[in-house]
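Novice: coords please:
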Amino acid sequence: MQTTPNNSRALAIISYITFIGWIIAFMLNNKQKHALVTYHQKQSLGIQGIYFAIAVLIKLAGLLSLQVLFLGVFVLIIIGISNASNQINKPLPIVGVYFEKWFENIV
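Specialist: Below is the predicted model of the structure:
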């Protein structure tokens, strides 16, 4: 599957939908890299990491009140999907600039 502008938008959106979606977007964007998909893979990988860290923290600490943090993650996912669907390479609020630095060489 070649990455065309329409496909790249779809792959950028898919990368935000669970970690499996990220893996699918990674595999399909691996041969011919498209800047839009690569950028949103970095952003979505960071969101997946935050989600995992919150889940582990809730499990270890047993504080169910921390589940409200998942709402913030959900908002970041919606913003990321919106940016991907509009083909905008804009960092997510608060954490997006860190994801760009941390995952610079990963994706």
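
Novice: which element is the residue nearest the centre of the chain on?
Specialist: For the chain, Ser44 is the residue whose C-alpha lies nearest the centre (CA atoms, centre = their mean; 0.8 Å). Assigned by DSSP states H and E, Ser44 falls within helix 35-61.

Novice: give me the distance between the residue of the chain positioned farthest from its centre and Glu104.
Specialist: For the chain, the largest distance from the centre (CA atoms, centre = their mean) belongs to Gly62, which lies 26.4 Å off. Gly62 sits 36 Å away from Glu104, going by CB to CB, to the nearest Å. C-betas here are computed from N, CA, C, even on glycine.

Novice: next, the buried residues of the helix or strand of the chain with the lowest mean pLDDT.
Specialist: The weakest-scoring helix or strand in the chain, judged by mean pLDDT, DSSP states H and E, is helix 5-14 (a mean of 81). Going by neighbour count (16 or more other CB atoms under 10 Å), the buried part of helix 5-14 is 8-14.

Novice: sorry, back to before: can you tell me how far the residue farthest from the centre of the chain is from Val56?
Specialist: From Gly62 to Val56 the distance is 12 Å (CB to CB).

Novice: next: Thr38.
Specialist: 27 Å.

Novice: so those two - more neighbours on which side?
Specialist: Thr38 (19 against 10; other CB atoms under 10 Å).

Novice: the more buried one reaches Asn30, doesn't it?
Specialist: No. Contact criterion CB atoms under 8 Å: Thr38 and Asn30 do not qualify, at 10.2 Å.

Novice: which residues touch the residue lying closest to Ile24 once chain neighbours are set aside?
Specialist: Nearest residue to Ile24, sequence neighbours excluded (CB to CB, 6 or more residues apart in numbering): Ile14, at 5.9 Å. Each residue near Ile14 by CB atoms under 8 Å, 6 or more residues apart in numbering is listed here: 21, 24-25.
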